[in-house]
Structure formats: structure tokens, C-alpha cells
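# Here is a sequence together with a model predicted from it:
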Amino acid sequence: MRVPDLPTDAAVLRAALAWQVELGADEAIGETPVSRFEAAARPEPPVRQAAAAAAAAPEVPAGVTTEALAAGCGDLAALRAAMAAFEGCALKKGARNLVFSDGNPAARVMVVGEAPGRDEDRAGLPFVGRSGQLLDRMLAAIGLSRKAEAPEAAVYITNVLPWRPPQNRDPAADEVAMMLPFLHRHIALIAPEVLVAVGNSAARTLLETTTGITRLRGHWAEWRGIPVMPMFHPAALLRNPELKRAAWADLLAVRKRLDEA
Ligand code: URA
């Protein structure tokens with residue numbers, strides 16, 4: 001059978017690529033097979049070497065719990081280093097980068113998402129892909145930005161998990177449980193006035209409940225005395241634009257709380 005000529009027009013190729021990404025493709029596979037075992041033996045790419053050097057944390061002795069590790073972190077730099085050096089979570093092996101946080105640590109508002117996706121894994125920063133861009137626009141609508149220097153206008157962003165789950169699957173309960181002390185320490189170090197939990201994983205994890213985000217959203221809750229507003233994940237808003245009305249109401253509730261404080 002004759003194989004049809006492949007398109008060479010840039011716009012057609014771009015559209016075909018965008019279509020595949022939309023379907024969930026996140027790696028390009030070449031004609032020649034690649035041995036992942038050999039690849040693992042090769043030196044680390046520069047970005048990982050740089051991240052490892054920046055972390056410069058001591059080896060974690062076997063048997064040390066994440067509770068003990070997290071409790072020993074007196075500031076954000078120590079926490080980042082401890083997480084970067086932590087080898088107990090299998091997700092780290094499949095990830096390119098630790099995604100620790102973005103934004104201003106002095107912010108009044110701290111956003112907690114689920115886990116990095118493909119774009120975040122590549123950039124080493126949370127919420128930089130399509131849903132992150134929507135999150136930035138949503139926050140901007142209530143006068144908040146991760147780039148703002150003034151704490152009143154600033155936001156600080158992290159995730160329940162700092163490494164990308166393969167194929168963007170939901171975080172597993174054991175992964176969340178293992179990494180939770182780091183998240184708790186992270187929140188305690190930032191000490192925000194308001195927490196915003198975006199999506200099911202973040203809301204359920206912070207509020208220690210199995211109730212879904214559809215019921216939780218819009219209702220103020222608390223994490224260790226800090227008010228928490230659970231709201232829909234921006235990825236859900238991209239899939240179901242009719243949820244945007246509820247998300248807007250939740251953002252207004254956050255704005256009101258900040259204004260009244
Ligand atoms: N979704 C999340 O929950 N977090 C990110 O950082 C990116 C997408």
C-alpha cells in the first residue's frame with residue numbers, strides 16, 4: 001500500500017501537533033527505539049544538575065520520616081532542599097524537575113493546586129500551562145498576581161505534590177500521605193491569611209475529607225486556623241465553562257475576606 005505524502009505546510013503540521021497534545025500526547029517518539037535503561041545511565045541533563053546543585057542538601061538517612069524532615073526545615077530554602085533531596089517518592093524518578101512554588105512568600109493569599117503537569121514539570125514552576133494562565137487571569141480579576149511585590153496584591157502558589165504524576169493521573173493516596181508533611185510545613189512557613197484550595201485533590205487533602213469539590217466549593221473552611229476557600233480547578237473550568245460563574249463567586253468571596261480583614 002502506498003503511504004500518502006505527509007504534509008509539509010507549517011500551519012498544517014502545527015495544527016496536527018496541537019491536536020495530538022489536546023488528545024494527551026506528551027512525548028515525541030522517534031523512528032529509532034531508545035533504551036531507557038541506557039538513558040538512565042547517561043549523565044543528568046544540565047537543568048537537573050543545576051537543580052541538584054542548588055538544593056545541595058545532605059543525604060537523607062534511611063528510615064527518616066517526612067514528618068521529621070519537614071519539621072526540621074526552618075525556612076523555605078531548607079524546605080526546598082529537603083524536598084529536592086528526598087528519594088522516598090517514586091514520582092521523583094519520572095519527573096524532570098521539582099516544582100516547589102512560585103510567587104511572593106510574603107503574599108496574603110496562598111493557592112494550593114494538585115500536582116505539576118507537563119508544562120510545569122518542564123519549567124519547574126507551578127501553574128504555567130493553559131490552566132495556569134487561566135488561574136493567573138482569574139486572580140488578576142480580584143487584583144492578585146504571583147508577580148506582585150506588595151503582599152496585598154501578591155499570591156504564592158504551590159501544589160499538593162511537587163512532582164508530576166505520569167500521564168497526569170490523579171495523585172495516589174500514598175503519594176499524598178507521604179508528601180503531606182512537606183505541604184503542611186510549607187503552609188506554616190508562608191503563614192498566609194487565606195488559603196485557596198483549587199480542585200478536588202487540594203481541597204480534600206487540606207480539609208481531610210472525601211467530600212468532592214462540587215460540594216466543598218464556595219464554603220469557607222479552616223486549616224489550622226487559616227481560612228480555606230475551596231474552588232474549582234482551572235482545568236475543570238476549561239473543560240466546563242459553565243462552572244466559571246461559581247468560580248467567580250468564590251473569587252469574590254476571597255476578595256471580600258481580604259478587604260474585610
Ligand atoms: N494543575 C495543578 O494542579 N497544578 C499545577 O501546577 C498545574 C496544573
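Looks like it arrived, so ask away.

# and the chain, which of its residues are near the ligand?
Neighbours of the ligand within the chain, by CB under 6 Å from any ligand atom: 113, 114, 115, 116, 117, 120, 126, 127, 131, 132, 159, 199. Quick note: C-beta positions are derived from backbone N, CA and C, even for glycine.

# Most neighbours of all those, which one?
When neighbours are taken as other CB atoms under 10 Å, the top entry among these is residue 116 (30 neighbours).

# give me phi/psi at that one?
Dihedral pair for residue 116: phi -60, psi 150, per degrees, to the nearest 10.

# Please tell me I have it right and it contacts residue 162.
Yes: using CB atoms under 8 Å, residue 116 is in contact with residue 162, at 7.3 Å.

# ok, the nearest residue to residue 88 once chain neighbours are set aside - contacts?
Among residues not flanking residue 88 along the chain, residue 178 sits closest, at 6.3 Å (CB to CB, 6 or more residues apart in numbering). By CB atoms under 8 Å, 6 or more residues apart in numbering, the residues touching residue 178 are 66, 88, 89.

# Could you find the closest non-adjacent residue to the first one?
Setting aside the residues directly before and after it, residue 66 is nearest to residue 181 in space (CB to CB, 6+ apart), at 4.4 Å.

# which element is the one you found on?
Residue 181 belongs to helix 173-190 when assigned by DSSP states H and E.

# Could you give me the buried positions within that helix?
Using 16 or more other CB atoms under 10 Å as the test for burial, helix 173-190 gives 175-176, 178-187, 190.

# can you tell me which of the residues you listed lies nearest to residue 228?
Checking the buried residues of helix 173-190 against residue 228 by CB to CB gives residue 187 as the nearest, at 9.9 Å.

# Tell me the confidence at that closest one?
Reported pLDDT at residue 187 in the predicted model: 98.

# Now for it: which residues touch it?
With contact set as CB under 8 Å, 6+ apart, residue 187 has these partners: 110, 112, 195, 223, 224, 226.

# where does the first one fall, phi/psi-wise?
When you say that, I think you mean residue 110. Per degrees, to the nearest 10, the backbone of residue 110 is at phi -120, psi 130.

# re the thing from before, identify the contacts common to residue 116 and residue 162.
residue 99.

# Local confidence estimate at the residue in the stretch 1-150 of the chain that the ligand sits nearest to?
Relative to the ligand, the nearest point of the stretch 1-150 of the chain is residue 113 (3.0 Å; CB to the nearest ligand atom). Here, the pLDDT recorded for residue 113 equals 98.

# Over to the one 10 residues further on?
Listed pLDDT for residue 123 reads 98.

# What is the next helix or strand after the helix holding residue 181 packed up against?
Scanning forward in sequence from helix 173-190 by DSSP H and E, the next helix or strand is strand 194-198. Secondary-structure packing of strand 194-198 (3 or more CB pairs under 8 Å, 6 or more residues apart in numbering; DSSP states H and E): strand 109-113, helix 200-207, strand 226-231, helix 244-260.

# Determine which stretch of the ones you listed is the most buried.
Most buried of the helices and strands packed on strand 194-198 by mean neighbour count (mean count of other CB atoms under 10 Å) is strand 109-113; its value is a mean of 27.

# what's the distance between it and the middle of its chain?
Offset of strand 109-113 from its chain centre (CA atoms, centre = their mean, to the nearest Å): 10 Å.

# and that strand with helix 200-207, angle?
With axes from the mean of the first three to the mean of the last three CA atoms, to 10 degrees defining the directions, strand 109-113 sits at 120 degrees from helix 200-207.

# How confident is the prediction for the closest residue to the ligand within the stretch 151-261 of the chain, by pLDDT?
The minimum distance from the stretch 151-261 of the chain to the ligand, using CB to the nearest ligand atom, falls at residue 159 (4.8 Å). Note on residue 159: pLDDT of 98.

# Identify the residues contacting the residue lying closest to residue 159 once chain neighbours are set aside.
With CB to CB, 6+ apart as the criterion, residue 159 has its nearest non-adjacent residue at 4.6 Å, and that residue is residue 113. Taking CB under 8 Å, 6+ apart, we find residue 113 in contact with 126, 127, 135, 157, 158, 159, 160, 198, 199, 202, 233.
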